[in-house]
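Participant: got a predicted model here, sequence first, then my questions.
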Amino acid sequence: MFPIRRSIAVIALVAAAAAARADEYHRVDTKVLSFRGGKVTIDNKFGDVTLGTQSGSNVNMKATVRASSRELGEQIQIVATEGTGGVTIRTDFPDIHIRGGNVSYSVDLEVLVPASAPVALRNRFGNVEATGLRAASEIVNAQGSVRFRDAKGAQRIENAFGTIDVEDSDGDTVIRNANGNVRAVQIGGNLDVASRFGTVAVSDAKRNVIIRNGNGNVELRNVAGGAKIDNSFASVVADQVKGDIEVTNQNGRIETTNIAGRAALKGAFGNIRAVEIGGELTVVGQNARVDAAAIHGAATISTSFGPIEARNISGATKLSDANGNVVAVDVRGDLSVDTRFGLVRAERIRGSIDVDNQNGSVTVNDVDGNATVTTSFSPVFLEKVDGTIDVRNQNGTISVSGVRQPCRDISLRTSFAPIKLALPSSGRYNLSARTSFGRISTDLPVTTTSVSDESLTGTINGGGCRLELVTANGNVTIDKE
């Protein structure tokens, strides 16, 4: 066992020696430069950059150089120059050819610039922190994080393989990132964000916001202007937007709430939800469930292979679906529904309703205007309709009750199924009823002009509005309410 213990001890000593040599060289360079106009240019790599502002016209630089050997460290140079075109600070590294052993080196920069000086900063393989800039500037980083605070003027911030965190940027701000998260808070100007493979979170923006992302969630909250968002393979959540919003997303859900203006939402393979929209709502979905509620304008919604549920809509509403159920409740305007292979249910429609369906039942209750329904191979149930009623069905039952007015045109047609109609005792109609392989019965007295086993023609209460009931292979029944 002794040889094993001795080997472990030797390895520990070698590791300790290597750790000690890793920072064998250490040097601090400082310089004060005069800023006479132009911009401050900073170019660094293999280290962090801390950027701040100060009063006066000087640029203060502090560079901390570390290296695994004196020979290597002394070859690292900090070049700082001044002129009428501005101040330039850059790090120069020697060509390094590793032939074995451990080699390490870094340069950390701390720079204070005049508050009004524009800055162009480029860094690689390190973090960047910038605070207090008061002029248009550009920060470009890679393989490290960027933290940006308390700025005025137009700002552009880029990064790759690291996060970007921006807070209190009072001018127009452009953010570009790849393979890292983005956070932007308290943006005073327009905000333009493009990223991928990372989340984007934006809040408290005072003007318009544009976000383009991919493979990362997007969260947007409290925007005083409008917003446009494009994303894929992740979710989009937007809340408290004072202007219009436009969202396009692929393979991810969309959720928009408390939008003061219009909302245009387009998505595929992800559910779509819109609640408290102040203006018009337009939704185009594919393989998506759509839920819309508290829409204070007109609504146009289409999707496929997913249901639509629309509630509390303050304008004309158009719903289109394929292979999905449709529910519409509390629509203060005309309602149009076009679907296939799905159920339709509509309640409390404060206008007219027009339903075109196939292979799905239709249930309608409480309509202030006219009701027009077309379907097949499923029943139709209508109740409490103020206006005219026109139903075309095939191989499906038709049931109508709660007719509110004593005289409105009613036309019900189907085949291979019965028709059942309940009318008020005061109703005035010119009746024409026909069937085959069925019978016709009525609880209301009819003054007949023509009658047979399969047809009945006459008037109810002296006649008035058209009442047409036609089926084949089914009974026709008129009940009194």
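Facilitator: Thanks, I have the structure now. Residues are numbered from 1 along each chain as shown.
Participant: only C-alpha atoms from now on, for both contacts and neighbour counts.
Facilitator: Noted.
Participant: next, give phi and psi for residue 72.
Facilitator: Taking degrees, to the nearest 10, you get phi -70, psi -50 for the backbone angles of residue 72.
Participant: what sits against it?
Facilitator: Counting by C-alpha atoms under 8 Å, 6 or more residues apart in numbering, residue 72 touches residue 94.
Participant: just checking, residue 206 touches residue 189?
Facilitator: Yes - the criterion here is C-alpha atoms under 8 Å, and residue 206 meets it with residue 189 at 6.3 Å.
Participant: how about the contacts made by residue 381?
Facilitator: 362, 363, 364, 398, 399, 400.
Participant: narrow these to just the buried residues.
Facilitator: 362, 363, 364, 398, 399, 400 (16 or more other C-alpha atoms under 10 Å).
Participant: looking at those residues, which is nearest residue 275?
Facilitator: residue 364 (23.6 Å; C-alpha to C-alpha).
Participant: hmm, that closest one is touching residue 347, no?
Facilitator: Yes - with contact defined as C-alpha under 8 Å, residue 364 counts as touching residue 347 (5.9 Å).
Participant: remind me which residues of the stretch 101-250 of the chain are low pLDDT?
Facilitator: 101 (pLDDT under 70).
Participant: rerun that using 80 as the cut-off
Facilitator: Residues of the stretch 101-250 of the chain that meet the criterion pLDDT under 80 lie in 101-102.
Participant: mind listing what residue 206 touches?
Facilitator: 186, 187, 188, 189, 190, 223, 224, 225.
Participant: so the first one touches residue 201, yeah?
Facilitator: No - with the criterion set as C-alpha under 8 Å, residue 186 and residue 201 do not qualify as a contacting pair; they are 11.6 Å apart.
Participant: ok so, going back, for the contacts of residue 381, give me TSV that also has secondary structure, distance to residue 385 and pLDDT.
Facilitator: Shown next, in TSV, are the contacts of residue 381 (DSSP: H, G, I helix; E, B strand; the rest coil; distance: C-alpha to C-alpha, whole Å; pLDDT from 0 to 100):
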residue	secondary structure	distance to residue 385	pLDDT
362	strand	14	98
363	strand	12	98
364	strand	9	98
398	strand	14	98
399	strand	12	98
400	strand	9	98
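Participant: by contact count, what packs against the helix or strand where residue 312 lies?
Facilitator: Using DSSP states H and E, residue 312 maps to strand 308-313. On a contact count with 3 or more C-alpha pairs under 8 Å, 6 or more residues apart in numbering; DSSP states H and E, strand 308-313 meets strand 290-295, strand 326-331.
Participant: okay if I get these as CSV plus distance to residue 430?
Facilitator: CSV is the format used below for the helices and strands packed on strand 308-313 (distance: least, C-alpha to C-alpha, whole Å):
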stretch, distance to residue 430
strand 290-295, 41
strand 326-331, 32
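Participant: and residue 339, which of these is closest to it?
Facilitator: strand 326-331 (7.8 Å).
Participant: contact partners for residue 289?
Facilitator: Applying C-alpha under 8 Å, 6+ apart, one finds that residue 289 lies in contact with 270, 271, 272, 303, 305, 306, 307, 308.
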